[in-house]
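1. sequence plus the predicted model coming up.
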Amino acid sequence: MSLATVSRGAAPSLADLVDGIAARSGAWVVVERLGAVVAFGTGTGDCPPALATSLLRKCTAELRSAVTWKRGRGSLTGSVDGVPVSAAELGDGVTAWFVGATVDDASVALLAEAAHITEPVSDAFVEELLHPRGPARRGRAPRARLVVLRGDDPGLARRARTLVAGTAVRVHQEGELVLVALPLDGDVDDLVERLGAVAGVADVPEDASDWVATCALAAGSACAARDLGLRVGRPEDPAVAGELVVSEAQAAVADLLRDLPDAPLRRLQDHDARSGGELVASLTAWCRAGFDVPSAAATLHVHTNTLRYRLKRANEVSGLDVTRPRQLLALQLLLGV
């Protein structure tokens, strides 16, 4: 494959591009992300022992330690096992190594572009613990402190991975969920502060066989932290625990509503749609005001008597008796308040 082929038309995969550069230049080409080999192309010369070890282990630690660098302004050139070597930082923790021959700047630019057209940050080890395949896992899952990050930055996972580069910390992304697995004594507050994100945290228990439940707990704590205005949500925090209980209950109610065509909330919604009423809005404001009629009336810009009439009418339409604590709790869950 020539560079002329891979530089035109549809963007090539990183693996195809690496193979093309290796074939054209004769260099052994290795692309790594934070020390882990993600692609390599075979050169025309002998493979130095340090490079062979790195390729076998899928980790460039051996290659890095074996290189003797030459002094030069911004030039990452040297030799490894007597063979010339150069390295190019491609950004976002990605490095390209060229062993046995030089590679032109245009090829480096193509690699940089291809290396950043990537799928979400993933970690196969973490993915297996979040989605166990086949029979239930045997034995215990590794202990860890799981941190689920929430933020508006689409590059949050990559920033997290760059921040923890060179450590045993793992980063995994699934959709909008960014999971960072720290050791049990990991500093969550420092990590979250440096990333400028909101997070939920939960420790994997000793008897866990996977990370599924712990990750869900951390994700729920992250949502609670966002709603409560906290930087970090921990399930042992009473306020966070309360939010988790309500969220789980509301999720259960959402499932139940699909099977109850005459559910109280649906009756209220249908009534408002037919009559142009505001029973649902009035009940919601009343619940959010802590069941204080004057405060809720002020929020709705109506007279207190008007609100009292609406509440009475809502009881009649819905069939709920809000003077009973369990019925009132059901109303709050139905309204999502």
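-> Structure received. Residues are numbered from 1 along each chain as shown.
2. with adjacent residues omitted, what lies nearest to Leu182?
-> Arg145 (4.4 Å; Cβ to Cβ, 6 or more residues apart in numbering). To be clear about C-beta, it is placed using only N, CA and C from the backbone, and glycine gets the same treatment.
3. and that neighbour, what are its phi and psi?
-> With angles defined as degrees, to the nearest 10, Arg145 sits at phi -110, psi 110.
4. show me what it bridges to in the sheet.
-> Leu182, Asp203 (DSSP bridges).
5. how many neighbours does it have?
-> For Arg145, the neighbour count with other Cβ atoms under 10 Å is 20.
6. list the residues that contact it.
-> The contact partners of Arg145, by Cβ atoms under 8 Å, 6 or more residues apart in numbering, come to 181-186, 188, 201-204.
7. can you list the residues you listed in JSON lines and add pLDDT?
-> JSON lines is the format used below for these (pLDDT from 0 to 100):
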{"residue": "Ala181", "pLDDT": "93"}
{"residue": "Leu182", "pLDDT": "93"}
{"residue": "Pro183", "pLDDT": "92"}
{"residue": "Leu184", "pLDDT": "91"}
{"residue": "Asp185", "pLDDT": "90"}
{"residue": "Gly186", "pLDDT": "89"}
{"residue": "Val188", "pLDDT": "92"}
{"residue": "Val201", "pLDDT": "95"}
{"residue": "Ala202", "pLDDT": "94"}
{"residue": "Asp203", "pLDDT": "95"}
{"residue": "Val204", "pLDDT": "93"}
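8. which of those residues has the largest number of neighbours?
-> Val201 (27 neighbours).
9. quick check: which ranges of the stretch 151-300 of the chain have low pLDDT?
-> Along the stretch 151-300 of the chain, the parts satisfying pLDDT under 70 run over 255-262.
10. so where do the helices sit in it?
-> With DSSP state H, counting those that start in this stretch as the criterion, the stretch 151-300 of the chain has helices at 156-163, 188-195, 212-228, 238-257, 264-275, 279-288, 293-300.
11. mind putting the contacts of Arg145 into JSON lines with distance to Arg24?
-> What follows is the contacts of Arg145, written out as JSON lines (distance: Cβ to Cβ, whole Å):
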{"residue": "Ala181", "distance to Arg24": "40"}
{"residue": "Leu182", "distance to Arg24": "43"}
{"residue": "Pro183", "distance to Arg24": "44"}
{"residue": "Leu184", "distance to Arg24": "49"}
{"residue": "Asp185", "distance to Arg24": "49"}
{"residue": "Gly186", "distance to Arg24": "45"}
{"residue": "Val188", "distance to Arg24": "47"}
{"residue": "Val201", "distance to Arg24": "48"}
{"residue": "Ala202", "distance to Arg24": "50"}
{"residue": "Asp203", "distance to Arg24": "51"}
{"residue": "Val204", "distance to Arg24": "48"}
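12. which of the residues you listed sits closest to Leu333?
-> Looking at these and their distance to Leu333, the nearest is Ala202, at 24.0 Å (Cβ to Cβ).
13. hmm, back to that, any chance of a markdown table for the helices of the stretch 151-300 of the chain, columns distance to Leu331?
-> Output for the helices of the stretch 151-300 of the chain, formatted as a markdown table (distance: least, Cβ to Cβ, whole Å):
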| stretch | distance to Leu331 |
| --- | --- |
| helix 156-163 | 37 |
| helix 188-195 | 36 |
| helix 212-228 | 20 |
| helix 238-257 | 11 |
| helix 264-275 | 7 |
| helix 279-288 | 7 |
| helix 293-300 | 14 |
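14. between the ones you listed, which gets nearest to Arg140?
-> helix 212-228 (12.5 Å).
15. for that closest one, the distance to its chain's centre please.
-> Relative to its chain's centre, helix 212-228 lies at 12 Å (Cα atoms, centre = their mean, to the nearest Å).
16. over to stretch 188-207?
-> Computed by Cα atoms, centre = their mean, the chain-centroid distance of stretch 188-207 equals 12 Å.
17. how about it: buried residues?
-> For stretch 188-207, a neighbour-count test (16 or more other Cβ atoms under 10 Å) marks 188, 191-192, 195, 197-204 as buried.
18. out of these, who's nearest Cys59?
-> Nearest to Cys59 among these is Leu191, at 23.7 Å by Cβ to Cβ.
19. name the helix or strand for Gln327, please.
-> Secondary-structure assignment from DSSP states H and E places Gln327 in helix 325-335.
20. next, the angle helix 279-288 makes with that helix.
-> Here helix 325-335 runs at an angle of 120 degrees relative to helix 279-288 (axes from the mean of the first three to the mean of the last three Cα atoms, to 10 degrees).
21. which of the helices of the stretch 151-300 of the chain sits closest to Leu129?
-> Taking Cβ to Cβ, helix 212-228 is the member of those nearest to Leu129, at 7.8 Å.
22. done for today, thanks.
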